[in-house]
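Chemist: Below is the structure, and that's it, no one-letter string:
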């Protein structure tokens, strides 16, 4: 998560895991950033990275026959674009129509607080503003300032230890039951409960020592120590308020994943497994900003070729594109005539606030030595892969901070592609081919491991194939094991992997505690088992540092430790590429993403009734 240096100067979200192979697609479904106004304006969605999130990228998708097929590879669009926006319609906005959105994988759950609630879940239940669930406070999309929402006002003590919130009295859940402070307390306690699968969020609440209901619409939180992100925890993407009378009756981990109930402007209408999730507008929504669009349909389409064909037939309204799709297909008339093209959700030059990685499980004998982890990175030709498979729309990262934030040390150069140097490091670490069978070994253990990653990505499969060839030449035997998204997440959260690949929607200026502190190795998001005494102390000190420059200096030192230890092979930060049907008016690419409640379609262009 993240919290503000000045309470109104920073935006927050936690790390949300994403299928990094889709990273270029993900945008507002996020996880972690905070923003310092006047310095950097960054997106915060969340996960899960290479630069996108949650699904699978497409590779060499064949173009459909028709006009424009002779367009050469390589589009002419600039990195930051909003092309094809419709002419501004005359008259006032009108209600009606649907938004049809492609999901490249099915959410594991629609309970927003479970650890398996990754970026796909966030897209449905939050939608970058609160589709089904809402929070006490919200960020202004333009200024990033924290504003009242369910809380009509709040107070923060001078020592940053006491937070008092005064709730509105007219908020109701979609079943008509009023929302009170008791629901917020229940949500807070559910996240804090170690019996619940909420470890990733729980790590951000460790410094709160009490939550007390002062009356039905007033609640006070007290912390044992100051934390620069405390207030931001009450904004979008984190403390989404659940109705106690529903979620308090049953098994929190298992009973509510497919039956979400919240206070937001939409409610679940349908979940057809493997096909679609549909949310429909509430007629009785309490809030000040009601959506114009009647329904949002999330089509679950795991195959990128199939998704592209539906897009070209205008059966999808919003879709994240792969590098190949953006450069080769999105320049053709069947896209440009019907869709707005945007690169957005990013602080700088159209880059997504996310990164992809390969994680090395330090509890496995192969990866317990940082010399081996460093060698693994040096055996991957990231530069060539980025220029070819990803069409130059990515940049290599060396740490977990956003590359243009003050906390990212730009003086650190990526480990080079150096097979010979990697072999020397492996030799030094004791991994040699003692029995001359072509596979290195140490203490009788052959260097054979499994590498798991989300299935369905031609681009990633190309990268994995190239990497496997290099590992084979170095005497390392890897088995590539693509897994369906839910199965993949289960393997990762249970630490039942040798190596894994995914991504984080990364933070612009956030708290690395969730994924890097050693206390999170068993039940948090530190899946690879990383941790040193120095790195833990830096993370702990930074949580209480309210001076942004001093905090950034701490994080730059932490960046250097990550670079030397290589718990991940850091991959890419990529361009964010999205197309949206030009039926929709008022599509504004804010720093924090879209606000689909503002979108509307003129009556004569509405397609669905």
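Modeler: Yep, that arrived. The structure displayed is predicted, hence computed values, not measured ones.
Chemist: Torsion angles phi and psi at residue 387?
Modeler: Here the main-chain torsion angles of residue 387 (degrees, to the nearest 10) amount to phi -80, psi -30.
Chemist: Tell me, please, where in the chain the pLDDT is lower than the cut-off.
Modeler: Within the chain, the segments meeting pLDDT under 70 span 1-85, 87, 128, 344-353, 506-509, 591-592.
Chemist: in the sheet, who's paired with residue 480?
Modeler: Beta-bridge pairing for residue 480 (DSSP bridges): residue 451.
Chemist: mind starting the numbering at 52 from now?
Modeler: That works, and once the first residue is 52, the last one we named lands at residue 531.
Chemist: Verify the contact between it and residue 513 for me.
Modeler: No: if you go by Cβ atoms under 8 Å, residue 531 and residue 513 don't touch, sitting 11.6 Å apart. No exception for glycine: its C-beta is placed from N, CA and C like everyone else's.
Chemist: Check the secondary structure at residue 425 for me.
Modeler: At residue 425 the chain is in helix, as set by DSSP: H, G, I helix; E, B strand; the rest coil.
Chemist: From residue 613, how far out is it?
Modeler: Note on residue 425: its distance to residue 613, by Cβ to Cβ, to the nearest Å, is 12 Å.
Chemist: do the same with residue 359
Modeler: Counting by Cβ to Cβ, the gap from residue 359 to residue 613 is 36 Å.
Chemist: more crowded one of these two?
Modeler: The neighbour count for residue 359 versus residue 613, taken as other Cβ atoms under 10 Å, is higher for residue 359 (26 against 21).
Chemist: residues making contact with stretch 593-603?
Modeler: Here stretch 593-603 makes contact (Cβ atoms under 8 Å, 6 or more residues apart in numbering) with 56, 87, 90, 211, 258, 276-280, 456-458, 560, 562-564, 605-606, 609.
Chemist: Okay, buried residues for that stretch please.
Modeler: For stretch 593-603, the neighbour count (16 or more other Cβ atoms under 10 Å) marks 593-594, 596, 599, 602-603 as buried.
Chemist: Quick check: helices, which of these are part of them?
Modeler: 593-594, 599, 602-603 (DSSP state H).
Chemist: could those residues go into a markdown table alongside distance to residue 140?
Modeler: Shown next, in a markdown table, are these (distance: Cβ to Cβ, whole Å):
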| residue | distance to residue 140 |
| --- | --- |
| 593 | 48 |
| 594 | 48 |
| 599 | 42 |
| 602 | 46 |
| 603 | 45 |
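Chemist: Show me which positions of stretch 195-209 end up buried.
Modeler: By 16+ other Cβ under 10 Å, the buried positions in stretch 195-209 come out as 195-197, 200-202, 205.
Chemist: so which of the residues you listed comes closest to residue 220?
Modeler: Proximity of the buried residues of stretch 195-209 to residue 220 (Cβ to Cβ) peaks at residue 201, which lies at 10.5 Å.
Chemist: In space, what's closest to the closest one - neighbours in sequence excluded?
Modeler: Using Cβ to Cβ, 6 or more residues apart in numbering and skipping the chain neighbours, the partner closest in space to residue 201 is residue 187 (5.0 Å).
Chemist: Can you give me every residue that contacts residue 613?
Modeler: Listed by Cβ under 8 Å, 6+ apart, the contact set of residue 613 reads 449-451, 567, 586, 619.
Chemist: in the stretch 452-601 of the chain, which spans are helices?
Modeler: With DSSP state H, counting those that start in this stretch applied, the stretch 452-601 of the chain shows helices at 470-479, 509-524, 536-544, 564-567, 584-594, 599-616, listed in chain order.
Chemist: quick one: contacts for residue 219?
Modeler: Contacts of residue 219 by Cβ under 8 Å, 6+ apart are 201-203, 268.
Chemist: if I look at it, how far off is residue 137?
Modeler: Distance, residue 219 to residue 137, by Cβ to Cβ: 36 Å.
Chemist: Which two of the buried residues of stretch 195-209 have the greatest separation?
Modeler: The most widely separated members of those are 195 and 201, with 19.1 Å between them, by Cβ to Cβ.
Chemist: So residue 437, which state does it fall into?
Modeler: At residue 437 the chain is in helix, as set by three-state DSSP.
Chemist: likewise residue 630?
Modeler: If you use three-state DSSP, then residue 630 falls in the strand class.
Chemist: you'd agree residue 605 is up against residue 589?
Modeler: Yes: between residue 605 and residue 589 there is a contact under Cβ under 8 Å: 5.2 Å.
Chemist: Between these two, which has more neighbouring residues?
Modeler: Set residue 605 next to residue 589 and count neighbours by other Cβ under 10 Å: residue 589 wins out with 22 against 18.
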